[in-house]
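Colleague: quick one: sequence plus predicted model below, questions after.
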Amino acid sequence: MTASNEYRFQVNLSGMIQILSNHLYSSPKVFLRELMQNATDAITARTEAEPGYQGKVRVELTGTGEQLTMMVEDNGIGLTEADIHEFLAMIGQSSKRGQQALLDGETSFIGRFGIGLLSCFMVSHEIVMLTQSAKGGPSMEWRGKPDGTYTIRQLDTQLSPGTKVYLRCTPDAAHYFEPEYVKEALFYYGALLPYPVTLYHDGAQDVVNSETPIWLTDPALARSRRAEVLAFGERLLGEQFQDFIPLTTASGRTGGIAFVLPHAVNLNAKRSHRVYLKRMLISEKAENILPEWAFFVKCLIWTDELQPTASREHFYENEKLEEVRSELGDALRKGLVDMAEGQTERLQKLIRLHALSMKALAVQDQAFYAMIHRWLPFESTRGHRELGELIDEGETLYYTGSIDEYRQIHHVASAQSMLVVNAGYIYDKELMAKLPMVLHNVQSEQLEPDEVSMTFTDVPPAERNQYYDALRLADSALQRFRCRTEVKGFKPEELPVLFTLSQESSTLRALEKASEQSTDLFSSVLDSLSSNMSSSAGYSTLYLNVSNPIIQRVLTSPDNQMTPIAIEMLYVNALMMGHYAMSKQELEVLNQGIVRFIDWGLRANTDRKGDA
Amino acid sequence: MKTEMDFEDLMEEAYQLPNGPAKLGFLEEAARVADVNGMVEEAYEARSEIVDVATFCGYPMKALIAFSWQLGKFDQQPELYDEETLLWSYKWILGKMPDFPEISREKIMELLEDFGARFKSYGYSERSYWYYRFRIFMDFGELEESGRSYDKFRTLDRDFMSDCEACEQDEIMRYFMLKGDDEKVLEVAKPILKGRMSCAEIPHLTLSEILMPLYRLGRTEEADKYQVKGYRLIKGENDFVQSFSEQMEYLTHTNPAKGIDVLEETLVLATDHEDAYAKMLYYAKAAPLLRRWAEEKESEGYRMRLPASFPYEGDPGDLLKLADYFVEHAQTVAAKFDQRNGNTHVSSLIQ
């Protein structure tokens, strides 16, 4: 055994700062939040020791150019010499506790204090901290440089308890030191703080957070202070809202205001809510604090029960968050339910703007669906209507599963005055399918395109028998397209034929079309799928409209030569009318048919001339 | 009228939607409009999107159809299109091929070779070929052959065309799962569970996969946590029908009432699923759950809420009969897979 020595990794502080600024924080501007956070943590600690203690934060900008300096002062608990050593130890050593605690976000006040302070190196080459602990001891000065060197000394004079941090601005960070910027940022981070934050600059002083709104402690009070709440929302979130729903959890430790967005939102839009932890802004892009369906609101949330990540910009996805999320979701849902019961106009207005969000919730929550179903909009053969109006028609609600199917049948369906809902839009299919479970006296049924024929008029057997020869010719002509004919009477009369396709034969059609276009290998793969299907897949149907004069002639004068060609042409015509992409074989039929009809037309013409 | 939208409108509409049947509907409509109007490049673009969306929301057949069309066009005029995007989606298509029992073993091997040759011709790492070979043999239930490819692909360098580490890790985990090595499964799962590896589908898939291994090792407390977390990630998503089967299997043992909730909430997704393999597993795991639930006192008089699209005609209150229905379907499909694979691997998975 050779003797082994234990060494410690040397941590390069400037490298560490690089890592912090690039990976931990989203932008250098967070240094101000970190300083504010340190100040409020210190005040909180002091208030715990001395109940009723009135905290305050003072921010001062002095000097210009290279002398431009920011000072942030709090009258909180302050740091003793031992505290300073502790936080430096937390940062400098790669001790297991320090590393893991940083990752887990479970660092102590002192540890977090140090990490927060480090973020200042993103905007300053020197940090000076003067501090006096409320527990006594001498006043201390700490000076740190980004290369990791620092000095600590005892001051001769005794400062009053609290901490002052001085930052000398680096040239490229000057815009973070502009008074207007600082003022906005302080409001942004500390708008909800329960004690004054004051900015001093050029002889002026501004209290950036005027009085704390009363409804912060009891969100229910917001209802009677509409104008005030909306104005606060506008200042903080930058949008002119017209409606909101107050939120609270059972424990009362999380509360908020859900502002209804005044414009429609894209489903894929980021749901970003603004969240304050212990009254300090923690995130302006919290996505995971409300349920998925709540994308019609932008929320202002304050909480003291969630655990922030190391960057203090997000929350850990843990059971607590899960619980808070579902409680906030319930509160929001409750707000909507109250509207449905007492203020239907307000709810209708909301649904008109945010139908998708409401549908998303309705899909998950049948009771909610039952409550608001009347006002949900759908597209149907009776136009864009609210579901309530459609239900009032008292008919079975047929719906198609895709916009393509709706497109295929809606003209014919409306001509038969059949009520069909286009459920190809997101959530609509699920909602239609669930409707009978939610409302017991309403019937809904998914309609396959080939089922539209059920509203057609049957042709009596005796009459059908007259067409026997023509139909037999027609069926054998279309056999190779796996299509068969049927005679029915339907509207509009001008429509000679209608082509319909079951879902299975539609897949088969797609397989064959792709197979025509693909490489040999993939064609053979697709063929093995389609050969397996075609045994079970139904035929498509070409409905011949007995009420149409041309069809009448085709049916009543069967001809071995003419009928197959006429039927084939009607078939490809129906495909074109239905905007189906045609296969090579079908295109050939079209081309040959046209040429042949031109030929016959011309010949008939010449023959007539010959007679004359 | 929305039904007469042009290509751009349809694509625009599709882009605004999250992945799912509705988005797919718009994309298919866009492809159709492009086809009818002879807009080949647009038709290609729409199909690229179809492949992407269909792959990740449970429509492998639609993805295959669109991809086949694209590949044909690409081979005719490769200079018109981007080969990286196309060959990247080839991986998805290839990975799904074994899930179609109608496609023969020989065809799948031919596809694998075609895939390998195409990757080689563009100078991509051979790792992808061996990795997919590893996966395909796993699907065939030939673990020895799969193991050889596993040893091989791990020695080859990753490149930008390789699957992400999280996905690979999950497949490796599946390999040890098939080998029945629960301890090893959890060891492999560790970086995923710790959050060090993740992507769009991971840890979603993993959190359900590890439930039974944890259960067998008696670590139900951990498993319960992962069950809740995992289910939240996959709830309502068409892409995770196989994961629902794993959730149900675990809950059959630990909390049948909750399992029934999962069954009722997800059956609609499984019923019209295009992936025969995932659907088979789902049906296979639904049956023991129903039987287990039927033993519970609470289940007396319970009628299953079945979706309208579910083709079962019997009494939804007869849980055992419903279980038989599920088993029958699963066994029929498993037999097809067995026939294709030439072994009893798949039917043994659903015993």
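Modeller: Received the coordinates, thanks.
Colleague: now residue 290: closest residue in space that isn't a chain neighbour?
Modeller: Here I'm looking at chain A. The shortest distance from A:Leu290 to any non-neighbouring residue, by Cβ to Cβ, 6 or more residues apart in numbering or on different chains, is to A:Leu328 (5.6 Å). The way it works is simple: take the backbone N, C-alpha and C, and place the C-beta from them, glycine included.
Colleague: oops, I was thinking of chain B
Modeller: Nearest non-adjacent residue to B:Leu290, counting by Cβ to Cβ, 6+ apart: B:Ala323, 4.0 Å away.
Colleague: quick check: next helix or strand after whichever strand or helix holds the residue nearest to A:Leu290?
Modeller: In the assignment (DSSP states H and E), A:Leu328 maps to helix A:319-342. Counting by DSSP H and E, the element after helix A:319-342 in chain order, helix or strand, is helix A:344-364.
Colleague: state the mean pLDDT of that following helix.
Modeller: Across helix A:344-364, pLDDT averages out at 91.
Colleague: stretch B:43-53 too?
Modeller: 96.
Colleague: and the host helix or strand of A:Glu141, which residues are buried?
Modeller: A:Glu141 is part of strand A:140-144, with elements assigned from DSSP H and E. Going by neighbour count (16 or more other Cβ atoms under 10 Å in any protein chain shown), the buried part of strand A:140-144 is A:140-142, A:144.
Colleague: show me what from the stretch 251-351 of chain B comes close to chain A.
Modeller: Neighbours of chain A within the stretch 251-351 of chain B, by Cβ under 8 Å from any Cβ of the partner chain: B:268, B:305, B:307-309.
Colleague: what's the closest non-adjacent residue to B:Tyr122?
Modeller: Spatial nearest neighbour of B:Tyr122, excluding adjacent residues (Cβ to Cβ, 6+ apart): B:Glu83 at 6.1 Å.
Colleague: hmm, the one you found is touching B:Phe74, no?
Modeller: Yes: if you go by Cβ atoms under 8 Å, B:Glu83 and B:Phe74 touch, sitting 7.3 Å apart.
Colleague: burial of residue 182, as a residue count?
Modeller: In the absence of a named chain, this looks at chain A. Burial of A:Val182 is recorded as 21 neighbouring residues (other Cβ atoms under 10 Å in any protein chain shown).
Colleague: nope, chain B
Modeller: Using other Cβ under 10 Å: B:Asp182 sits among 18 other residues.
Colleague: and the residue nearest to A:Leu290, what pLDDT?
Modeller: We have a pLDDT of 93 for A:Leu328.
Colleague: roughly how far does it sit from chain B?
Modeller: 15 Å (Cβ to the nearest Cβ, to the nearest Å).
Colleague: residue contacts, that residue?
Modeller: A:247, A:249, A:254, A:256, A:289-291, A:299, A:301 (Cβ atoms under 8 Å, 6 or more residues apart in numbering or on different chains).
Colleague: for the stretch 101-250 of chain B, what lies in contact range of chain A?
Modeller: Applying Cβ under 8 Å from any Cβ, we find that the stretch 101-250 of chain B lies next to chain A at B:102-104, B:107, B:110-111, B:114, B:228, B:232, B:236.
Colleague: buried residues, the top helix by length along chain A. List them.
Modeller: Assignment by DSSP state H gives helix A:584-611 as the longest helix of chain A. For helix A:584-611, the neighbour count (16+ other Cβ under 10 Å) marks A:586, A:589-590, A:593 as buried.
Colleague: any chance you could list what contacts stretch B:222-236?
Modeller: Stretch B:222-236 has contacts (Cβ under 8 Å, 6+ apart) with A:322, A:364, B:193, B:203-204, B:206-208, B:210-211, B:214-215, B:240, B:243-244, B:247, B:250-251, B:254, B:262, B:265, B:269.
Colleague: are any of the residues you listed buried, and which?
Modeller: Looks like those have A:364, B:193, B:203-204, B:206-208, B:210-211, B:214-215, B:240, B:243-244, B:247, B:250-251, B:262, B:269 buried, using 16+ other Cβ under 10 Å.
Colleague: which pLDDT does the model give residue 253?
Modeller: Just so you know, I chose chain A. 90.
Colleague: my bad, the chain I had in mind was chain B
Modeller: At B:His253, the pLDDT value in this model is 97.
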